[in-house]
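Participant: Quick one: sequence plus predicted model below, questions after.
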Amino acid sequence: MTMAELGHAIEKHLNFTKNAERTLTLLQRVRAEAERVKLGGGPEALSKQKAKGKLSARERIAKLVDPGSRFVEFGLFAAHGMYAEYGGAPSAGTVFGIGQVHGRDVVVVANDASVKAGAWFPMTAKKNLRAQEIAMENRLPIVYLVDSAGVFLPMQSEIFPDKEHFGRIFRNNAVLSSMGVPQIAAIMGPCVAGGAYLPIMSDEAMIVEGTGSVFLAGSHLVRAAIGEEVDNESLGGAAVHCEISGVTDHRMKNDDEALAKIRSIISRFGSTPPPLFDRVAPVAPAFEPKEIYGLLPADPSKPYDMAEVVARIIDAGSWDEYKADFGKTLLTGYARIDGWAVGIVANQRAVVRNGAGEMQVGGVIYSDSADKGARFIMNCNQKRIPLVFLQDVTGFMVGSRAERGGIIKDGAKMVNAVANSVVPKFTFIVGNSYGAGNYAMCGKAYDPRLIFAWPTASIAVMGGRQASETLLAIKVQAMQKGGASISPEGQTALLKEIQATYDTELDPLYAAARLWVDGIIDPIETREIISTGIRMSSHLSDLPRFNPGVIQT
């Protein structure tokens with residue numbers, strides 16, 4: 001080894017170590033926040049629930065799913081940092097994800113009564129709708145573990161009347177039933193007013209003695225409305241609904257018995273169709289997945305080779321690149337992940353040269369890469385191969401040359417192909433996710449079956465520096481039009497203030513709080529999430545016909 005080669009190797013090792021330290025620091029921050037969120041309303045609130053003879057939401061889920069299996073949680077950070085004026089709502093007061101019950105994938109939704117008695121905030125409704133969306137898309141049975149005081153009244157106007165509000169959940173109950181998707185509900189605590197429809201519109205409902213109750217109006221409201229004096233147990237407890245009204249189907253002594261009953265019911269479900277997508281025996285990646293930590297640059301603006309990241313996710317020896325010498329800022333190819341056949345669309349962050357020998361900036365979608373992406377997506381749809389998108393994109397190329405070359409038309413081709421794709425799509429935001437690049441790379445608006453962020457993710461209409469400078473220019477111009485002036489020092493201070501606000505919104509926790517992503521994961525979990533996603537998608541009996549729409553050539 002020459003001295004130059006030795007120096008290069010040392011520099012590469014130092015960069016790898018620096019990169020890994022930054023990624024692991026971000027990951028540790030997310031993990032610490034996750035542990036705090038999982039405490040729900042806190043130890044005192046959980047103790048009160050125990051005193052009533054009730055399990056916590058997470059304990060209920062742990063006893064429901066198969067021992068030793070993994071429960072893939074979605075929306076852990078929902079409502080993170082929101083509703084501070086009301087004391088917050090960790091995880092939006094509900095826990096949901098996909099678990100296996102007798103080997104079958106099941107969507108599970110559990111109210112967390114330690115958070116404001118399980119009351120529904122606006123983000124609670126959004127999170128429950130996401131759970132039902134996953135059940136609908138993948139024909140998965142759904143279990144509701146109900147323990148909620150109903151709508152959080154101080155915010156009723158933001159949860160009650162609109163299309164994506166509380167009432168949509170009961171509409172989805174009806175649609176799921178019409179689709180033949182099983183719904184099972186266990187009433188393990190209060191179930192009040194409009195919320196009473198959710199378990200009763202399920203296919204099978206049970207109620208726990210002493211703690212479960214269901215009624216359209218509680219005793220206080222009944223007294224106010226018609227003057228009747230009645231307690232909640234006599235109004236809508238287990239005895240009333242199992243012996244008199246017939247509203248519920250099963251009377252359970254406690255939470256454990258109710259969870260065992262749900263498992264028993266699911267054990268008798270008919271068989272699922274054979275897998276819709278191709279799978280062979282899984283093979284481990286050729287490289288250690290944890291090396292991903294050191295591949296992602298500590299400075300997000302620096303280039304890196306996305307192919308090296310992909311090699312640590314896919315099965316060894318399975319990579320078959322598509323159009324390797326064309327549209328080089330987009331990496332496309334066929335591979336296998338945990339044995340499943342997939343098509344991968346990933347932004348290439350390395351600085352590359354196009355066919356004419358011109359330098360192209362990594363992470364930018366040029367006309368050639370957009371055209372390549374559109375064609376590859378159509379190919380995967382024809383072959384019925386699920387798509388995996390790895391986003392680290394700053395957007396489409398801009399400037400007079402790009403405009404004259406038809407970047408808008410070529411970008412529209414790719415967006416069209418993504419929008420009309422019928423195979424399952426799974427999106428992971430690795431780094432930047434800016435502007436229309438988010439759309440072309442299957443952001444939340446384009447119906448990925450699952451969408452997760454890595455701790456290194458950054459989601460916005462444009463990068464922080466560009467956005468802050470643009471906003472500063474607009475503010476300064478407005479001040480000058482009003483006859484005011486601002487010194488260079490004042491502009492610097494204003495720029496810092498704008499940058500701080502914008503940086504908060506770039507944080508993946510900000511996106512996860514609003515369910516723009518299903519969660520923030522350790523990069524090495526990506527293989528397992530993809531495998532789970534394709535497995536759950538295989539419950540479908542068939543796919544709609546792919547129609548790409550108008551894609552100009």
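Facilitator: Good, I have the coordinates.

Participant: can you pull the pLDDT of Met3?
Facilitator: pLDDT for Met3: 60.

Participant: need the contact list for Phe16.
Facilitator: Taking Cβ atoms under 8 Å, 6 or more residues apart in numbering, we find Phe16 in contact with 294-295. Any C-beta I mention is one placed from the backbone N, CA and C, and that applies to glycine too.

Participant: so it sits in a strand?
Facilitator: No - assignment of Phe16 by DSSP: H, G, I helix; E, B strand; the rest coil gives helix, placing it outside any strand.

Participant: Next one: it relative to Pro455, how far apart?
Facilitator: Remark: distance between Phe16 and Pro455 (Cβ to Cβ, to the nearest Å) = 17 Å.

Participant: go on, Gly236?
Facilitator: 45 Å.

Participant: higher neighbour count, these two?
Facilitator: Neighbours per residue, other Cβ atoms under 10 Å: of Gly236 and Pro455, the larger number sits with Gly236, 27 against 23.

Participant: what's the neighbour count on the closest residue to that one other than its chain neighbours?
Facilitator: Spatial nearest neighbour of Gly236, chain neighbours left out: Phe215 (3.3 Å); criterion: Cβ to Cβ, 6 or more residues apart in numbering. Using other Cβ under 10 Å, Phe215 has 22 neighbouring residues.

Participant: same check, this time on Val393
Facilitator: If you count neighbours by other Cβ under 10 Å, Val393 ends up with 31.

Participant: first to last residue in stretch 60-78, what's the distance?
Facilitator: One end of stretch 60-78 sits 20 Å from the other (Cα to Cα, to the nearest Å).

Participant: typo on my end, stretch 397-409
Facilitator: Where stretch 397-409 begins and where it ends lie 12 Å apart, using Cα to Cα.

Participant: Can you name the residues in contact with that stretch?
Facilitator: 361, 364-367, 370, 396, 552.

Participant: would you say Thr248 is within a strand?
Facilitator: No - counting by three-state DSSP, Thr248 is not found in a strand; it is coil.

Participant: any idea of the pLDDT on it?
Facilitator: 93.

Participant: where exactly do the strands run in the stretch 451-553 of the chain?
Facilitator: 458-460, 519-520 (DSSP state E, counting those that start in this stretch).

Participant: If you average the pLDDT over the longest one, what comes out?
Facilitator: Regarding strand 458-460, the rounded mean pLDDT is 89.

Participant: likewise the last one?
Facilitator: Regarding strand 519-520, the rounded mean pLDDT is 98.

Participant: Give me the contacts around that strand.
Facilitator: Residues outside strand 519-520 that contact it (Cβ under 8 Å, 6+ apart) are 30, 73-77, 452-455, 457, 508-509, 512.

Participant: one more time with 6 Å, if that's ok
Facilitator: The contact list for strand 519-520 (Cβ atoms under 6 Å, 6 or more residues apart in numbering) reads 30, 74, 76, 452-453, 455, 508, 512.

Participant: What of the longest one?
Facilitator: Where contact means Cβ under 6 Å, 6+ apart, the residues beyond strand 458-460 that reach it are 432-434, 506, 511.

Participant: Redo those residues as CSV? Include neighbour count and pLDDT.
Facilitator: Output for the contacts of strand 458-460, formatted as CSV (neighbours: other Cβ atoms under 10 Å; pLDDT from 0 to 100):
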residue, neighbour count, pLDDT
Asn432, 26, 93
Ser433, 29, 94
Tyr434, 25, 92
Leu506, 19, 88
Ala511, 24, 96
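
Participant: Next step: the residues you listed restricted to helices.
Facilitator: The members of the contacts of strand 458-460 that map onto helices under DSSP state H are 506, 511.

Participant: Kindly reformat the contacts of strand 458-460 as JSON lines containing distance to Arg36.
Facilitator: Shown next, in JSON lines, are the contacts of strand 458-460 (distance: Cβ to Cβ, whole Å):
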{"residue": "Asn432", "distance to Arg36": "27"}
{"residue": "Ser433", "distance to Arg36": "26"}
{"residue": "Tyr434", "distance to Arg36": "30"}
{"residue": "Leu506", "distance to Arg36": "22"}
{"residue": "Ala511", "distance to Arg36": "18"}
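
Participant: Which of the three states applies to Ala346?
Facilitator: Ala346 ends up strand, using three-state DSSP.

Participant: how many neighbours does it have?
Facilitator: Ala346 - counted by other Cβ under 10 Å - has 23 other residues nearby.

Participant: Show me the helices in the stretch 1-150 of the chain, by range?
Facilitator: In the stretch 1-150 of the chain, the helices defined using DSSP state H, counting those that start in this stretch lie at 3-37, 43-51, 57-64, 122-138.

Participant: Rounded mean pLDDT for the third one, please.
Facilitator: The average of the pLDDT scores along helix 57-64 is 98.

Participant: Tell me the gap between that helix and the middle of its chain.
Facilitator: 21 Å (Cα atoms, centre = their mean, to the nearest Å).

Participant: how about that helix: buried residues?
Facilitator: 57-61, 63-64 (16 or more other Cβ atoms under 10 Å).

Participant: how deep is Val422 tucked in, by neighbour count?
Facilitator: Count around Val422 with other Cβ under 10 Å applied: 12.

Participant: For it, give me phi and psi.
Facilitator: Dihedral angles of Val422 (phi, psi; degrees, to the nearest 10) stand at phi -110, psi -10.

Participant: so what's it up against?
Facilitator: By Cβ under 6 Å, 6+ apart, the neighbours of Val422 are 381, 543-544, 546.

Participant: What about these, which one has the most neighbours?
Facilitator: Asn381 (21 neighbours).

Participant: Would you mind writing the CA trace of the host helix or strand of that residue as PDB?
Facilitator: Asn381 is located in helix 367-383, with elements delineated by DSSP states H and E. What follows is helix 367-383, C-alpha atoms only, in PDB (Å, rounded to 0.1, in the frame of the first residue of the first chain):
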ATOM      1  CA  SER A 367     -34.700  14.600 -16.600                       C
ATOM      2  CA  ASP A 368     -32.800  11.400 -17.400                       C
ATOM      3  CA  SER A 369     -33.200  10.000 -13.900                       C
ATOM      4  CA  ALA A 370     -36.900  10.900 -13.800                       C
ATOM      5  CA  ASP A 371     -37.500   9.100 -17.100                       C
ATOM      6  CA  LYS A 372     -35.600   6.100 -15.800                       C
ATOM      7  CA  GLY A 373     -37.600   6.000 -12.600                       C
ATOM      8  CA  ALA A 374     -40.900   6.200 -14.400                       C
ATOM      9  CA  ARG A 375     -40.000   3.300 -16.700                       C
ATOM     10  CA  PHE A 376     -38.700   1.100 -13.800                       C
ATOM     11  CA  ILE A 377     -41.900   1.700 -11.800                       C
ATOM     12  CA  MET A 378     -44.000   0.600 -14.700                       C
ATOM     13  CA  ASN A 379     -41.900  -2.500 -15.200                       C
ATOM     14  CA  CYS A 380     -42.300  -3.500 -11.600                       C
ATOM     15  CA  ASN A 381     -46.100  -3.000 -11.900                       C
ATOM     16  CA  GLN A 382     -46.100  -5.300 -15.000                       C
ATOM     17  CA  LYS A 383     -44.100  -7.900 -13.200                       C
END
